[in-house]
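S.K.: give me the fold of what follows.
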Amino acid sequence: MRKFFIIVAIVLVMLGIVLYLVSRSTGKSVNAPLTNTPTALNDSTGNTAPIIEIDPFLQQKDILTALARMFIERYGTWSNQSNFENFTDLYFYMTDELKAETQSFVVNQRADFSADATYYGLTTRVLSLDLINIVADTSAEFSANIQQQETKDGQTAALSKKTTLNFIKQGADWKVSQISFTP
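M.R.: Model (predicted):
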């Protein structure tokens with residue numbers, strides 16, 4: 001019986017603590033509109049936080065950097081058993097010229113690997129990515145150090161390579177115009 005009272009007392013104390021913490025919270029929430037218009041935010045003391053405007057050039061650079069990393073890793077990762085779908089999934093991000101080159105590569109690779117061929121695959125990871133040049137709303141060039149894991153005939157090897165990737169702006173979209181992998 002004594003254990004029962006101790007457990008009840010502990011539960012009541014914990015419940016009291018939770019209720020105290022809930023009652024201390026202000027219950028205020030900030031519902032800021034999702035726009036690019038800067039708004040001032042007040043902290044709990046009523047002080048206004050400074051408005052920070054994002055530099056469009058830096059925002060563009062960040063977007064291109066993320067897109068370059070994603071593109072390099074997906075373009076460099078493929079296998080004969082995935083029907084080279086990673087390339088077809090990236091067609092949207094390519095210029096018409098790069099898309100045509102990639103389609104030709106896919107056709108040749110599909111012809112080289114029969115349905116019963118042993119597994120061959122590459123897995124690519126970007127180790128470092130540098131913006132070499134950017135011309136606002138026109139073009140950008142990136143250089144990357146990558147590591148590829150090649151699996152062939154049941155054996156796996158790690159390869160270090162360099163990659164260059166070029167973007168050009170077509171209308172409102174940034175498209176990859178060129179990508180190359182060098183040892």
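S.K.: how close does Lys61 sit to Ala136?
M.R.: Taking CB to CB, to the nearest Å as the measure, Lys61 falls 10 Å from Ala136. For glycine as for every other residue, the C-beta is placed from the backbone atoms N, C-alpha and C.
S.K.: more neighbours, those two?
M.R.: Under the criterion of other CB atoms under 10 Å, the comparison of Lys61 against Ala136 puts Lys61 first, with 15 against 11.
S.K.: show me what whatever helix or strand the more buried one lives in is packed up against.
M.R.: Using DSSP states H and E, Lys61 sits within helix 56-75. Using 3 or more CB pairs under 8 Å, 6 or more residues apart in numbering; DSSP states H and E as the contact criterion, the secondary-structure elements in contact with helix 56-75 are helix 85-89, strand 120-135, strand 139-152, strand 155-170, strand 173-182.
S.K.: joint contacts of Lys61 and Ala136?
M.R.: Contact with both Lys61 and Ala136 is made by no residue, according to CB atoms under 8 Å, 6 or more residues apart in numbering.
S.K.: and the helix or strand following the helix holding Lys61, what does it pack against?
M.R.: Past helix 56-75, heading to the C-terminal end, the next element that is a helix or strand (DSSP H and E) is strand 78-79. Contacts defined by 3+ CB pairs under 8 Å, 6+ apart place strand 78-79 against strand 120-135.
S.K.: off-centre distance for the strand it packs on?
M.R.: A distance of 12 Å separates the centroid of the chain from that of strand 120-135, by CA atoms, centre = their mean, to the nearest Å.
S.K.: mean confidence for it?
M.R.: Throughout strand 120-135, pLDDT has a mean value of 95.
S.K.: packing partners for that strand?
M.R.: Using 3+ CB pairs under 8 Å, 6+ apart as the contact criterion, the secondary-structure elements in contact with strand 120-135 are helix 56-75, strand 78-79, strand 139-152.
S.K.: which one of the helices and strands packed on helix 56-75 lies closest to Ile51?
M.R.: Distances from Ile51 to each of those were compared using CB to CB; the minimum, 26.3 Å, belongs to strand 120-135.
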